[in-house]
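Colleague: kindly return the folded structure for what I paste below:
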Amino acid sequence: MKNYNHALLVMEKQEYPAEAKEVIIRTEEKILADEKANKLYESMYRAYWLKKKNFDAFKDKVKTLAEMIGENEHTVKLVLLLNCTKPLLAEYKKANISEDIYWNTIIDLKVKMLECKENYGVYGTFVEGWFKQFYTLERFGIGRFQYELADFCEDYYDEHGIELKDSQFVLGLHIPSHLGSLDYDVRLDSYKKAYEFFKDRFDGPMVVCCGSWLLYPDNLNILPEKSKARDFILDFEPLDITRTYDFGDAWRIFGVENEHKRAHELPRETSMQRAFAEWFEQGKKCGHAYCILIFDGEKLLTRNTREEFKEKYGY
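Modeller: Here you go, the predicted model:
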């Protein structure tokens, strides 16, 4: 097994929970101690890092290896991804990308590990396919957010001096959990760093698009007035709004064990859980929105006040 020591460094530097480190180290050492398991792992490593970075290409091997060493498949997937962070660092150095961005990018392994523990009771990952763009240098953690190379997904846009057509280059934005506040200053810091990082890709302001349940405009009426997540919506202009009958992102708020429960049965341990549970009890729906953010290096051109947003979009 390659890169075990670097995986240990990652866990130490990024302060993985002691229990998580214990499970991951145990899994690594079981693989190292078994010649057949180690050989099978190496074939998986080559298939991932050197080929398509696609877990679907060897999902049967993941299951076989997990059974061979008596560990969970989610954990085995995380172990492989952790061990791939060493060659990824070499790729960052080759591309002359800041090591700070490298560390801020791979912390998403920890984020998804914590989500896996919360939802499935095991330290690992259940969204292994999500990580491909991190390892192909197409998605980066910059400040509070993640940005990826993407295409514009609407037919046409012409506002703030920006004209866009379908499939034209933009940045995609993702909002990882467990990484702290969505305070305006934290968001602005991320936008500024991303603007600097991607400035050679834009002839003018930075254009960022994001499709998310968190940006659904009615969240302005669901979330508490002082909610940072609520204020975050005002950074964007909505382009495509969808109200959904089945709120597929409910697990992100309530956990997978609660996502299909009736409104009165939902947990209300956090302010967000309480806000959404009360909304559902009123028989109301949630949704998803595809939105655009335009930033000129200093100012958000798409930001509105709450009153302006309601006047423009009706929410």
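Colleague: drop to CA atoms for contacts and neighbour counts, all remaining ones
Modeller: OK.
Colleague: quick one, longest strand in the protein?
Modeller: Secondary structure of the chain per DSSP state E: the longest strand is strand 286-295.
Colleague: please name the nearest non-neighbouring residue to the residue most central in space within the chain.
Modeller: The C-alpha lying nearest the average C-alpha coordinate of the chain belongs to Pro176 (CA atoms, centre = their mean; 4.2 Å). Of all residues not flanking Pro176 in the chain, Phe145 sits nearest, at 6.7 Å (CA to CA, 6 or more residues apart in numbering).
Colleague: the residue nearest to the centre of the chain contacts Tyr147, correct?
Modeller: No - the criterion here is CA atoms under 8 Å, and Pro176 misses it with Tyr147 at 10.8 Å.
Colleague: who touches the residue nearest to the centre of the chain in this structure?
Modeller: 108, 111, 144-146 (CA atoms under 8 Å, 6 or more residues apart in numbering).
Colleague: recalculate using a threshold of 10 Å.
Modeller: Neighbouring residues of Pro176 by CA atoms under 10 Å, 6 or more residues apart in numbering: 107-108, 111-112, 141, 144-146.
Colleague: picking up where we left off before, how about the longest strand of the chain: buried residues?
Modeller: Judged by neighbour count using 16 or more other CA atoms under 10 Å, the buried positions of strand 286-295 are 286-295.
Colleague: need those residues in TSV (columns: pLDDT and distance to Tyr48).
Modeller: As requested, the buried residues of strand 286-295 are exported to TSV (pLDDT from 0 to 100; distance: CA to CA, whole Å):
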residue	pLDDT	distance to Tyr48
Cys286	93	37
Gly287	93	35
His288	94	32
Ala289	96	33
Tyr290	97	31
Cys291	98	33
Ile292	98	33
Leu293	98	34
Ile294	98	35
Phe295	98	36
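Colleague: residues near Phe152, how many?
Modeller: Neighbour count of Phe152, defined by other CA atoms under 10 Å: 21.
Colleague: for Ala263, state which of the contacts of Pro176 is nearest.
Modeller: Lys112 (26.4 Å; CA to CA).
Colleague: that closest one contacts Gly129, correct?
Modeller: No - in this structure Lys112 lies outside contact range of Gly129 using CA atoms under 10 Å: 11.7 Å.
Colleague: and the strands in the stretch 1-150 of the chain?
Modeller: With strands called from DSSP state E, counting those that start in this stretch, the stretch 1-150 of the chain shows them at 139-142, 145-151.
Colleague: how about TSV for those, with mean pLDDT and distance to Ile233 added?
Modeller: Converted to TSV, the strands of the stretch 1-150 of the chain look like this (pLDDT from 0 to 100; distance: least, CA to CA, whole Å):
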stretch	mean pLDDT	distance to Ile233
strand 139-142	98	19
strand 145-151	98	14
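Colleague: among the ones you listed, which is nearest Tyr4?
Modeller: Closest to Tyr4 of the strands of the stretch 1-150 of the chain is strand 139-142 (CA to CA; 23.2 Å).
Colleague: thinking again about what came up before, list the buried residues for whatever helix or strand comes next after the longest strand of the chain?
Modeller: Next helix or strand after strand 286-295 toward the C-terminus (DSSP states H and E): helix 306-313. Judged by neighbour count using 16+ other CA under 10 Å, the buried positions of helix 306-313 are Phe309.
Colleague: distance from the helix ranked longest in the chain to the middle of the chain?
Modeller: Taking DSSP state H as the criterion, the chain has its longest helix at helix 99-120. Computed by CA atoms, centre = their mean, to the nearest Å, the chain-centroid distance of helix 99-120 equals 9 Å.
Colleague: which strands or helices does that helix pack on?
Modeller: The contact analysis (3 or more CA pairs under 10 Å, 6 or more residues apart in numbering; DSSP states H and E) places helix 99-120 against helix 4-13, helix 18-33, helix 73-83, helix 85-94, helix 132-135, strand 139-142, strand 145-151, helix 250-254.
Colleague: change it to 7 Å
Modeller: Identification of packing neighbours for helix 99-120 by 3 or more CA pairs under 7 Å, 6 or more residues apart in numbering; DSSP states H and E yields strand 139-142.
Colleague: who does the strand it packs on pair up with?
Modeller: Applying DSSP bridges, strand 139-142 is found paired with strand 145-151 (antiparallel).
Colleague: which elements pack onto the helix or strand that comes right after the strand it pairs with?
Modeller: Sequence order places strand 156-159 as the next helix or strand after strand 145-151, per DSSP H and E. With contacts taken as 3+ CA pairs under 7 Å, 6+ apart, strand 156-159 sits against strand 162-165.
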